[in-house]
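need a structure here:
(one chain, ligands or ions: 1)
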Amino acid sequence: ETNLPSVATFSQNLDNMLGTAGVQLGSITELLGLPGSGKTQLCLQLCASVQIPKELGGLDAEALYIDTNTHFTISRFREILSASLLRCQNILEEPLQVTEDEALDKLHYVNAFGLEKFCAFMYMLPKFIAEHPNVRLIAVDSISYPFKEGISTKQRTGLLFRLMADLQRLAVENQIAVVLTNEMSTRVGLSTGAVVGSLGDAWAHRCNTRVLLSTPHLHTDVSDGTHRLALLLKSNVAASSVAPFQITAEGIRD
Ligand code: ATP
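Residues are numbered from 1 along each chain as shown. Predicted structure coming up:
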């Protein structure tokens, strides 16, 4: 195992759980969870975190967000980004070298709705990365959505198999952290009919890290709805464990 840097989640609990202080460059992390469990919010946080200046141990890099299902809003990203910049500024105790608009430009957003558009962009991805060498994070939100309908299980398995192999090569060769979200259906739970069930070995094998996000059952009525749980399902470096975190207006926090 090489000691590649990571993109911090802004939750100490999550970073500790991952055992790598965030999502690691050169590897693929899957975020699995029900709708509303926080997969998109965590992706957006990581897209902001990847910009943390070098002085603070960050990567001072750019992110690529591949949107397959319309849950992204620029206003929400701006909110998380400005909170993240402010936090860096407070720690450094001096103004940052980057304006909010410049920071916003460091997120490359791609609309890849529908299977054809998604596959077309994924085919172009190595070229895109060659043209944007400072990208250190790729979020695919979500990987399962384009494969939901209009494709046979066999075709899906074949496509995903090749896609995952390409992504893994890209991650390793370019030292990029790849984050894939995978929504579970409320009806079938973990078996999810979509990706998890049908892809089997190939899928699980290619994801270096798998994290299940969930909303804890409410034991009290004082919960404000921001609390979430992350469960580490697979990791090369850390033992399975659970981490509580929150989704706040500023982004992901403890
Ligand atoms: P899906 O599978 O539907 O895409 P998801 O797992 O990606 O779901 P998110 O969109 O990441 O879910 O999480 C939605 C939750 O994030 C909301 O229910 C809310 O709790 C929280 N959230 C979203 N925006 C804000 C905000 N501005 N301030 C605080 N919390 C927010």
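
Grab the nearest non-local neighbour of Gly36.
Excluding its sequence neighbours, the residue lying closest to Gly36 (C-beta to C-beta, 6 or more residues apart in numbering) is Thr215, at 6.9 Å. Using the backbone N, CA and C atoms, a C-beta is placed for each residue, glycine as well.

contacting residues around the one you found?
Neighbouring residues of Thr215 by C-beta atoms under 8 Å, 6 or more residues apart in numbering: 34, 36-37, 227-229.

same for the ligand: which of the residues you listed are within range?
Under the cut-off given by C-beta under 6 Å from any ligand atom, the ligand has 36-37 from the contacts of Thr215 close to it.

quick one: which two of the contacts of Thr215 are the most distant?
Largest separation among the contacts of Thr215 by C-beta to C-beta: Leu34 and His227, giving 14.7 Å.

Neighbour count: those two, which is higher?
Neighbour comparison, Leu34 and His227: the larger count goes to Leu34, with 17 against 13 (by other C-beta atoms under 10 Å).

Tell me how many other residues surround the spatially closest residue to the more buried one that is not a sequence neighbour.
In space, and not counting its chain neighbours, Leu34 is closest to Met184: 5.3 Å by C-beta to C-beta, 6+ apart. For Met184, the neighbour count with other C-beta under 10 Å is 23.

again, but for Gln12
Neighbours around Gln12, by other C-beta under 10 Å: 14.

All the helices of this structure, residue numbers only.
With helices called from DSSP state H, the chain shows them at 12-18, 39-49, 74-92, 100-104, 115-131, 153-174, 195-206.

With respect to Leu137, which of the ones you listed lies nearest?
Here helix 39-49 is closest among the helices of the chain (C-beta to C-beta), at 5.7 Å.

near the ligand, anything from the closest one?
Yes - residues of helix 39-49 are located near the ligand by C-beta under 6 Å from any ligand atom, namely 39-41.

Name whatever forms a beta bridge with Leu213.
Beta-bridge partners for Leu213, by DSSP bridges, are Gly33, Ala230.

Now do the same contact list for it.
Taking C-beta under 8 Å, 6+ apart, one finds 31-33, 37-39, 42, 228-231 in contact with Leu213.

Check what pLDDT it gets.
On the pLDDT scale, Leu213 is placed at 94.

what's near enough to touch Gly33?
Applying C-beta under 8 Å, 6+ apart, the residues near Gly33 are 39, 181, 183-184, 212-214.

Having no further points to raise, I will conclude here.
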